[in-house]
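>>> Only the shape, not the letters, is given here:
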(Lines give C-alpha, C1' and ligand atoms only; values in the text may rest on other atoms or scores of the structure.)
Protein backbone atom coordinates (compact mmCIF):
# COMPACT_ATOMS: atom_id res chain seq x y z
CA UNK A 1 0.00 0.00 0.00
CA UNK A 2 1.40 3.38 -1.04
CA UNK A 3 0.88 6.57 0.95
CA UNK A 4 -0.15 9.16 -1.62
CA UNK A 5 -0.40 12.17 0.69
CA UNK A 6 2.35 11.80 3.27
CA UNK A 7 1.59 15.06 5.02
CA UNK A 8 -2.05 14.16 5.72
CA UNK A 9 -1.23 10.56 6.59
CA UNK A 10 1.38 11.36 9.24
CA UNK A 11 -0.72 14.16 10.70
CA UNK A 12 -3.61 11.71 11.01
CA UNK A 13 -1.34 9.03 12.48
CA UNK A 14 -0.17 11.43 15.20
CA UNK A 15 -3.78 12.34 16.02
CA UNK A 16 -4.70 8.64 16.24
CA UNK A 17 -1.73 7.90 18.51
CA UNK A 18 -2.57 10.76 20.88
CA UNK A 19 -6.28 9.86 20.88
CA UNK A 20 -5.59 6.20 21.67
CA UNK A 21 -3.15 7.22 24.41
CA UNK A 22 -5.84 9.41 25.99
CA UNK A 23 -8.33 6.54 25.92
CA UNK A 24 -5.83 4.06 27.39
CA UNK A 25 -4.91 6.38 30.26
CA UNK A 26 -8.57 7.27 30.87
CA UNK A 27 -9.52 3.59 31.08
CA UNK A 28 -7.93 3.56 34.55
CA UNK A 29 -10.61 5.98 35.79
CA UNK A 30 -14.30 5.46 36.48
CA UNK A 31 -16.43 6.37 33.43
CA UNK A 32 -19.78 7.19 34.99
CA UNK A 33 -22.75 8.04 32.81
CA UNK A 34 -23.66 11.00 30.65
CA UNK A 35 -25.80 12.34 33.50
CA UNK A 36 -23.12 11.75 36.18
CA UNK A 37 -19.78 11.86 34.44
CA UNK A 38 -16.83 10.21 36.11
CA UNK A 39 -13.21 11.37 35.82
CA UNK A 40 -12.60 9.11 32.80
CA UNK A 41 -15.61 10.24 30.76
CA UNK A 42 -14.25 13.42 29.18
CA UNK A 43 -10.72 12.12 28.38
CA UNK A 44 -12.24 9.01 26.78
CA UNK A 45 -14.65 11.11 24.74
CA UNK A 46 -11.87 13.51 23.71
CA UNK A 47 -9.57 10.61 22.81
CA UNK A 48 -12.30 9.03 20.68
CA UNK A 49 -12.96 12.27 18.83
CA UNK A 50 -9.23 12.81 18.25
CA UNK A 51 -8.87 9.25 16.96
CA UNK A 52 -11.83 9.72 14.61
CA UNK A 53 -10.33 12.97 13.34
CA UNK A 54 -6.99 11.24 12.77
CA UNK A 55 -8.61 8.41 10.85
CA UNK A 56 -10.55 10.90 8.73
CA UNK A 57 -7.21 12.48 7.78
CA UNK A 58 -5.10 9.34 7.37
CA UNK A 59 -7.67 7.25 5.45
CA UNK A 60 -8.11 9.50 2.42
CA UNK A 61 -4.34 10.08 2.32
CA UNK A 62 -3.99 6.51 1.03
CA UNK A 63 -6.28 7.25 -1.93
CA UNK A 64 -5.94 10.95 -2.72
CA UNK A 65 -2.74 12.54 -4.01
CA UNK A 66 -1.30 15.32 -1.90
CA UNK A 67 1.83 17.06 -0.80
CA UNK A 68 4.93 15.20 0.25
CA UNK A 69 6.10 15.54 3.83
CA UNK A 70 8.11 18.78 4.04
CA UNK A 71 11.79 18.80 4.88
CA UNK A 72 12.37 18.84 8.63
CA UNK A 73 14.21 21.97 9.76
CA UNK A 74 16.20 21.13 12.89
CA UNK A 75 17.75 24.52 13.64
CA UNK A 76 14.48 26.34 14.46
CA UNK A 77 13.29 23.51 16.69
CA UNK A 78 16.56 23.36 18.62
CA UNK A 79 16.78 27.13 19.04
CA UNK A 80 13.20 27.48 20.23
CA UNK A 81 13.59 24.63 22.72
CA UNK A 82 16.89 26.10 23.91
CA UNK A 83 15.33 29.53 24.37
CA UNK A 84 12.45 28.13 26.44
CA UNK A 85 14.88 26.07 28.51
CA UNK A 86 17.11 29.10 29.07
CA UNK A 87 14.10 31.15 30.18
CA UNK A 88 13.12 28.49 32.69
CA UNK A 89 16.64 28.21 34.06
CA UNK A 90 17.27 31.96 34.26
CA UNK A 91 13.90 33.16 35.60
CA UNK A 92 14.51 32.57 39.32
CA UNK A 93 18.18 33.50 39.69
CA UNK A 94 18.33 36.42 37.23
CA UNK A 95 14.76 37.76 37.18
CA UNK A 96 12.07 38.16 34.56
CA UNK A 97 13.74 40.94 32.56
CA UNK A 98 17.02 39.09 31.92
CA UNK A 99 15.24 35.78 31.25
CA UNK A 100 12.87 37.39 28.74
CA UNK A 101 15.72 39.13 26.93
CA UNK A 102 17.67 35.86 26.66
CA UNK A 103 14.50 34.05 25.55
CA UNK A 104 13.93 36.36 22.58
CA UNK A 105 17.58 36.67 21.55
CA UNK A 106 18.21 32.91 21.59
CA UNK A 107 14.84 32.32 19.90
CA UNK A 108 15.88 34.80 17.22
CA UNK A 109 18.68 32.45 16.16
CA UNK A 110 15.97 30.14 14.78
CA UNK A 111 15.66 32.50 11.81
CA UNK A 112 18.93 32.66 9.84
CA UNK A 113 17.86 35.96 8.23
CA UNK A 114 17.35 37.82 11.52
CA UNK A 115 20.31 40.02 12.42
CA UNK A 116 21.54 40.36 16.01
CA UNK A 117 20.69 44.08 16.12
CA UNK A 118 17.10 43.34 15.13
CA UNK A 119 16.92 40.54 17.68
CA UNK A 120 18.17 42.79 20.50
CA UNK A 121 15.70 45.53 19.55
CA UNK A 122 12.86 43.03 19.40
CA UNK A 123 13.85 41.55 22.76
CA UNK A 124 13.86 44.97 24.45
CA UNK A 125 10.47 45.84 22.99
CA UNK A 126 8.89 42.48 23.87
CA UNK A 127 10.36 42.51 27.37
CA UNK A 128 9.00 45.98 28.07
CA UNK A 129 5.60 44.93 26.72
CA UNK A 130 5.64 41.76 28.86
CA UNK A 131 6.53 43.70 32.01
CA UNK A 132 3.68 46.15 31.39
CA UNK A 133 1.10 43.43 30.68
CA UNK A 134 2.06 40.74 33.19
CA UNK A 135 3.44 42.75 36.10
CA UNK A 136 1.74 46.15 35.95
CA UNK A 137 -1.67 45.32 34.45
CA UNK A 138 -2.22 41.73 35.63
CA UNK A 139 -0.27 42.09 38.86
CA UNK A 140 1.61 38.80 38.58
CA UNK A 141 4.32 38.50 41.26
CA UNK A 142 7.41 38.15 39.06
CA UNK A 143 10.82 39.17 40.34
CA UNK A 144 11.94 41.59 37.66
CA UNK A 145 15.59 41.74 38.72
CA UNK A 146 18.05 39.25 40.25
CA UNK A 147 17.68 38.50 43.93
CA UNK A 148 20.77 40.05 45.49
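Done, it's in. On a predicted model such as this, the values are computed, not experimentally measured, just so you know.
>>> Hmm, residue 135 is touching residue 144, no?
Yes. Contact between residue 135 and residue 144 holds when scored by CB atoms under 8 Å: they sit 6.7 Å apart. From N, CA and C alone the C-beta is placed, and that goes for glycine too.
>>> Residue 33 versus residue 70, what's the distance?
45 Å (CB to CB, to the nearest Å).
>>> likewise residue 105?
Residue 105 sits 53 Å away from residue 33, going by CB to CB.
>>> Would you check how far apart residue 65 and residue 44 are?
Remark: distance between residue 65 and residue 44 (CB to CB) = 35 Å.
>>> my bad, residue 75
Applying CB to CB, the value for residue 75 to residue 44 is 39 Å.
>>> Give me the more crowded residue out of these two.
Higher neighbour count among residue 75 and residue 44: residue 44, with 19 against 11, using other CB atoms under 10 Å.
>>> And the pLDDT for the more buried one?
For residue 44, the model assigns a pLDDT of 94.
>>> Could you shift the numbering so residue one becomes 457, and keep it that way?
Yep, numbering from 457; the last one is residue 500 now.
>>> Quick check, it in contact with residue 482.
Yes. Counting by CB under 8 Å, residue 500 does reach residue 482; the two are 4.4 Å apart.
>>> May I have the secondary structure class of residue 484?
Here residue 484 takes the coil state, with states given by DSSP: H, G, I helix; E, B strand; the rest coil.
>>> Quick check: nearest residue in space to it, chain neighbours excluded?
With sequence-adjacent residues excluded and distances taken as CB to CB, 6 or more residues apart in numbering, residue 484 is closest to residue 496, at 7.2 Å.
>>> same question, residue 503
In space, and not counting its chain neighbours, residue 503 is closest to residue 478: 3.1 Å by CB to CB, 6+ apart.
>>> quick one, what contacts that neighbour?
Contact analysis of residue 478 by CB atoms under 8 Å, 6 or more residues apart in numbering lists 499, 500, 502, 503, 506.
>>> quick one, helices of this protein?
With DSSP state H as the criterion, the chain has helices at 462-482, 497-517, 530-550, 552-564, 572-586.
>>> Could you name the helices and strands sitting against the third one?
Packed against helix 530-550 by the contact rule (3 or more CB pairs under 8 Å, 6 or more residues apart in numbering; DSSP states H and E) you find helix 552-564.
>>> about what we covered before: redo the contacts of residue 478 as TSV? Include distance to residue 461.
Shown next, in TSV, are the contacts of residue 478 (distance: CB to CB, whole Å):
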residue	distance to residue 461
499	30
500	29
502	26
503	24
506	20
